[in-house]
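> what shape does this take:
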Amino acid sequence: MEIKILSETENPVLKRIEVVFQVEHDQTGSTPARSEIKEALARKLKKDPTLVFVKKVETKTGTHTAVGTANIYHSIEQAKLIEPEYIIKRNMPEKEKGAE
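Okay, here's the model as predicted:
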């Protein structure tokens, strides 16, 4: 899986960075899991994975290329104020989802 950042915009009002990315997933074939994308984005941008929230990932039909959007917050408190609850739940680690 190879991630390429298409655009990165600082949003000082919402205290976050808004990212549009592209994922090449020739090796796996299927669209990578949100958690894998989240970890790869955090590594590439040198950010804490708990502050990365993947909003959308779509694979173009007939290709091994997915395009998506993510928000990277300055603090977890800021993320909880702004992100909808369903996005926060989608971005939780699997072991935490089972605990709820």
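> for the residue located most distally from the centre of the chain, give its distance to Lys4.
Going by CA atoms, centre = their mean, the residue of the chain most distant from its centre is Gly62, 22.6 Å out. According to CB to CB, to the nearest Å, Gly62 and Lys4 sit 19 Å apart. In short, each C-beta sits where N, CA and C put it, glycine included.
> ranges for the strands of the protein?
2-11, 16-24, 52-59, 65-73 (DSSP state E).
> just name the most buried of these.
Among those, ranked by average contacts under mean count of other CB atoms under 10 Å, first place goes to strand 65-73 (a mean of 20).
> sheet-wise, list the partners of that strand with their directions.
Partners of strand 65-73 in the sheet, by DSSP bridges, are strand 16-24 (antiparallel), strand 52-59 (antiparallel).
> touching, Thr28 and Ile37? I think so.
No - the criterion here is CB atoms under 8 Å, and Thr28 misses it with Ile37 at 11.6 Å.
> now do the shared contacts for these two.
Met1 (CB atoms under 8 Å, 6 or more residues apart in numbering).
> report the beta-bridge partners for Ser7.
Val20.
> which other helices and strands does the longest helix along the chain contact?
Ranked by number of residues, the top helix in the chain under DSSP state H is helix 34-45. If you count contacts as 3 or more CB pairs under 8 Å, 6 or more residues apart in numbering; DSSP states H and E, helix 34-45 packs onto strand 2-11, strand 16-24, strand 52-59, strand 65-73.
> by mean pLDDT, flag the weakest helix or strand of this structure.
For the chain, using mean pLDDT, DSSP states H and E, the weakest element among its helices and strands is helix 94-99, scoring a mean of 56.
> give me the below-cutoff pLDDT ranges for this structure.
For the chain, the stretches with pLDDT under 70 are 94-100.
> neighbours around His25, how many?
Residues lying near His25 (other CB atoms under 10 Å) number 19.
> okay, which residue is most central for the protein?
Val54 (2.6 Å).
> Asp59 reaches Thr31, doesn't it?
Small correction: residue 59 is Thr, not Asp. Yes - with contact defined as CB under 8 Å, Thr59 counts as touching Thr31 (4.7 Å).
> so what sits against both of those two?
Common contacts of Thr59 and Thr31 (CB under 8 Å, 6+ apart): 25, 66.
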